[in-house]
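Asks: got a sequence here, can you model it:
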Amino acid sequence: MNAGPRWRLADADKTVRLFITSFLLLLTCGYAVGLLFAGHTTSGTAAGLSEEYRGTPEGSERTELKYAKSEDEMYIFLHNHLLSLSLVFFSVGGIFYFSKTPGGLKRFLMLEPFAALVTTFGGIWLVRFASPWFSWLVMLSGIAMAGCVLVMIVLILKELWGGR
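Replies: Residues are numbered from 1 along each chain as shown. You can find the predicted model right below:
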């Protein structure tokens, strides 16, 4: 039975702590900008999310009209997000693996963002081509995804800098 890693984040020297911290802070800023952009384009609502991908409903009195995303636009969007976010989650989870967080919680926090990635972006595809009701799935899985990543980052930073 594997007892886990022998080296822990708390064992890191100052150079490694600064390196990991710099990476995580910049990554968090980039992720936050992405969330702000998503909130801006969707108004942070299920209806706004549906409109972003399905287009503005006919007869709407909106000042800004949105057009339904084409299949090509959806493929590009999904390709970019699935590749980039899977690398983000791999990086954060790979660092988090060396934390002293207990096994079950560690496993959940490391794996949940990957499951949420599938449900969030699969849900966006379903919003566009099946039903606007999938907006709720997208919102809930997106919140879970961001929440798990944030918790991992906070726990990593706490272990790196919380005293040895």
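
Asks: burial check on Leu85, number of neighbours?
Replies: Neighbourhood size, Leu85 [other C-beta atoms under 10 Å]: 20. No exception for glycine: its C-beta is placed from N, CA and C like everyone else's.

Asks: show the model's pLDDT score for it.
Replies: On pLDDT, Leu85 comes in at 98.

Asks: ditto for Gly48
Replies: In this prediction, Gly48 has a pLDDT value of 94.

Asks: against Thr28, how distant is it?
Replies: 24 Å (C-beta to C-beta, to the nearest Å).

Asks: repeat for Met145
Replies: The span separating Met145 from Thr28 equals 14 Å under the rule C-beta to C-beta.

Asks: higher neighbour count, those two?
Replies: When neighbours are counted by other C-beta under 10 Å, Met145 comes out ahead of the other of Met145 and Thr28, with 22 against 16.

Asks: what ranges does this protein have for its strands?
Replies: Read by DSSP state E, the chain holds no strands at all.

Asks: I'd say Leu126 and Phe134 touch.
Replies: Yes. In this structure, Leu126 sits in contact with Phe134. The criterion is C-beta atoms under 8 Å, and the distance is 4.0 Å.

Asks: ok, the two, which is more surrounded?
Replies: Taking other C-beta under 10 Å, Leu126 and Phe134 do not tie; Phe134 has more neighbours (22 against 18).

Asks: give the contact list for the more buried one.
Replies: Residues counted as contacts of Phe134 (C-beta atoms under 8 Å, 6 or more residues apart in numbering) are Gly123, Ile124, Leu126, Val127.

Asks: pLDDT and distance to Gly94 added to the residues you listed, as CSV?
Replies: Formatted as CSV, the entries for the contacts of Phe134 read as follows, by pLDDT from 0 to 100; distance: C-beta to C-beta, whole Å:
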residue, pLDDT, distance to Gly94
Gly123, 98, 26
Ile124, 97, 26
Leu126, 98, 30
Val127, 98, 31
